[in-house]
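S.K.: Need a 3D model of the following:
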Amino acid sequence: MAVNIDTVYQRVLAIANKEQRGYLTPQEFNLYANQAQMDIFEQYFYDLNAFSRLPGNDYTYSDQVDILQEKIDIFERFRQAVTYVSGNDFTLPNHYRMGELFYKYKGGYIEIEKINQNEVHHIENSPLTAPSPTRPVYVRSQGGASNGEVAIKVFPVSIVNNVYCNYIANPVSVNWAYVINATNGKALYNSNLARHFELHDSEETELVIKILELAGITLKDPQVYQVAATEEAQNVQQENK
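M.R.: A predicted model of the protein is given here:
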């Protein structure tokens, strides 16, 4: 399930080039396309929080929470390995939002409880709450990670493997790949190197709208921006009915 990047680019060009309004280069499109994808993706979680407070309905295909959850499900990853570094340091996979952590112990999965760093001393020194293989805990840490990775420390320190996690992955960066036509110097779409949008198929129109909003500023054409903004406002109004 994905949105074809060339389809979106051609639709954006068709609207932006109407009445000679300007041309959006592949570089500009890729920049705006990635921004648009992240804007839509991040909005899922705000919308999910908002719609979760409202009464739902019994129709799965029209319940807003179910619809949003289906879109988020694409990015959910379950029981992914957490990388051991040294001591009791681990690094988490690259993620947008972290879910539960687990320790695989004697054929089962035990959830690792997250605690604050200022609780470690008290928990380790209490006979009743001391971490154990059947009651592990972890804290976020500054050590044991590099290149923007998120580090954690797992207790007890005897745990050095078999740690897994659930998380929401970031969408991969999209790319309208191309080669230059030697005859006319124009960019030709290269489907072999292209990276498509990971968003749900239903987001194709929303992607076009958001990219046009950004393109309207670059093309210095308020009409392009206004058309896109008006269409987006109508979509939001329809969702909230």
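S.K.: I'd assumed residue 165 was in a strand, is it?
M.R.: Yes: assessed with DSSP: H, G, I helix; E, B strand; the rest coil, residue 165 lies in a strand.
S.K.: which one is it nearest to, not counting chain neighbours?
M.R.: residue 101 (4.7 Å; Cβ to Cβ, 6 or more residues apart in numbering). The way it works is simple: take the backbone N, C-alpha and C, and place the C-beta from them, glycine included.
S.K.: can you check residue 13 too?
M.R.: residue 24 (6.3 Å).
S.K.: pLDDT score assigned to the one you found?
M.R.: pLDDT recorded at residue 24 is 84.
S.K.: pLDDT below threshold where in the chain?
M.R.: 1, 18-22, 56-62, 142-148, 217-241 (pLDDT under 70).
S.K.: most residues in a single helix of it, which one?
M.R.: If you go by DSSP state H, the chain has its longest helix at helix 26-52.
S.K.: Compute the first-to-last residue distance for stretch 100-120.
M.R.: 19 Å (Cα to Cα, to the nearest Å).
S.K.: and that stretch, how far from the chain's centre?
M.R.: 24 Å (Cα atoms, centre = their mean, to the nearest Å).
S.K.: and if you look at stretch 179-188?
M.R.: 33 Å.
S.K.: quick one: the residue nearest to residue 13 from residue 179, how far?
M.R.: With distances taken as Cβ to Cβ, to the nearest Å, residue 24 is found 18 Å from residue 179.
S.K.: quick one, which of these two is more surrounded?
M.R.: Higher neighbour count among residue 24 and residue 179: residue 24, with 22 against 11, using other Cβ atoms under 10 Å.
S.K.: before we move on, back to that, could you name the helices and strands sitting against the longest helix of the chain?
M.R.: Helix 26-52 is packed against helix 5-16, helix 64-73, helix 204-218, with contacts defined by 3 or more Cβ pairs under 8 Å, 6 or more residues apart in numbering; DSSP states H and E.
S.K.: Can you check which of these gets nearest to residue 41?
M.R.: Among those, helix 64-73 comes nearest to residue 41, with 8.6 Å by Cβ to Cβ.
S.K.: Send over stretch 205-221 as PDB, restricted to the C-alpha atoms.
M.R.: Below are the C-alpha coordinates for stretch 205-221, written out as PDB (Å, rounded to 0.1, in the frame of the first residue of the first chain):
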ATOM      1  CA  THR A 205      -5.300  14.000  -2.900                       C
ATOM      2  CA  GLU A 206      -4.200  15.500   0.400                       C
ATOM      3  CA  LEU A 207      -0.600  15.100  -0.700                       C
ATOM      4  CA  VAL A 208      -1.300  17.000  -3.900                       C
ATOM      5  CA  ILE A 209      -3.000  19.800  -1.900                       C
ATOM      6  CA  LYS A 210      -0.200  20.200   0.600                       C
ATOM      7  CA  ILE A 211       2.500  20.200  -2.000                       C
ATOM      8  CA  LEU A 212       0.600  22.800  -4.000                       C
ATOM      9  CA  GLU A 213       0.400  25.000  -0.900                       C
ATOM     10  CA  LEU A 214       4.200  25.000  -0.600                       C
ATOM     11  CA  ALA A 215       4.700  25.300  -4.300                       C
ATOM     12  CA  GLY A 216       2.400  28.300  -4.500                       C
ATOM     13  CA  ILE A 217       4.800  30.200  -2.200                       C
ATOM     14  CA  THR A 218       7.800  29.200  -4.400                       C
ATOM     15  CA  LEU A 219       6.100  30.100  -7.600                       C
ATOM     16  CA  LYS A 220       4.900  33.300  -6.100                       C
ATOM     17  CA  ASP A 221       1.400  32.600  -7.200                       C
END
